[in-house]
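Undergrad: show me the folded form of this:
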Amino acid sequence: MYFYLYIRTTMVRKTYPISRAIHFINIALWLTFQGCGFVWKNTITTVIQLEYLLLSEHQSLVTNLSHPLIILGVLGQILLLVHAFRRRWNRGLNTLTVSVLSLLVAFLVLVGFLTTQWTMVGMQLPFLICVCLYFYFAYKKTEGEDLR
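TA: Below you'll find the model as predicted:
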């Protein structure tokens, strides 16, 4: 309950008009996160398939929902879509969401490098490129405008 109230107040306060570039970048981040994946025994598994596999295990629902990929991945995707379709945005909350998803993807890139699965590393590159674009456009300071 308190977490919901905190998120609700931070999304109402400290909001700014969102630019069209950030709208499209948030949608691109969501789409490219769907394409991120994992290669195991020459089988390519995307994030959506991994989340489904983790949720469909025959363990308890609490154990399945407490997996970091489920909690951070699903919550991050929901917040990306919320920020993509709102007229106003909280840059701090959106940056936190992008950063958490970037950590998950960076972990997958690290695993790809350690196991020399270059297909796996290549699957993460579009998301990482969109993250760089997000930080460029979200924190770009134009002439005569203060960075909020």
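Undergrad: now stretch 54-72: mean pLDDT?
TA: Mean per-residue pLDDT for stretch 54-72: 73.
Undergrad: who touches that stretch?
TA: Val47, Leu50, Glu51, Val100, Leu101, Leu103, Leu104 (Cβ atoms under 8 Å, 6 or more residues apart in numbering). (C-beta placed from N, C-alpha, C; glycine too.)
Undergrad: does anything pack onto the helix or strand that the fourth one is a member of? Which helices or strands?
TA: Under the criterion of DSSP states H and E, Val100 resides in helix 91-114. Here helix 91-114 touches helix 2-12, helix 20-35, strand 37-40, helix 68-84, helix 118-138, going by 3 or more Cβ pairs under 8 Å, 6 or more residues apart in numbering; DSSP states H and E.
Undergrad: PyMOL command to pick out the buried ones of the contacts of stretch 54-72?
TA: Of these, the buried ones go into a single PyMOL selection, burial set by 16 or more other Cβ atoms under 10 Å:
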select buried, resi 47+50+51+100+101+104
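Undergrad: tell me which of the contacts of stretch 54-72 is nearest to Phe85?
TA: Nearest to Phe85 among the contacts of stretch 54-72, counting by Cβ to Cβ, is Leu101 at 17.4 Å.
Undergrad: I figured the closest one hits Asn26, correct?
TA: No: if you go by Cβ atoms under 8 Å, Leu101 and Asn26 don't touch, sitting 11.1 Å apart.
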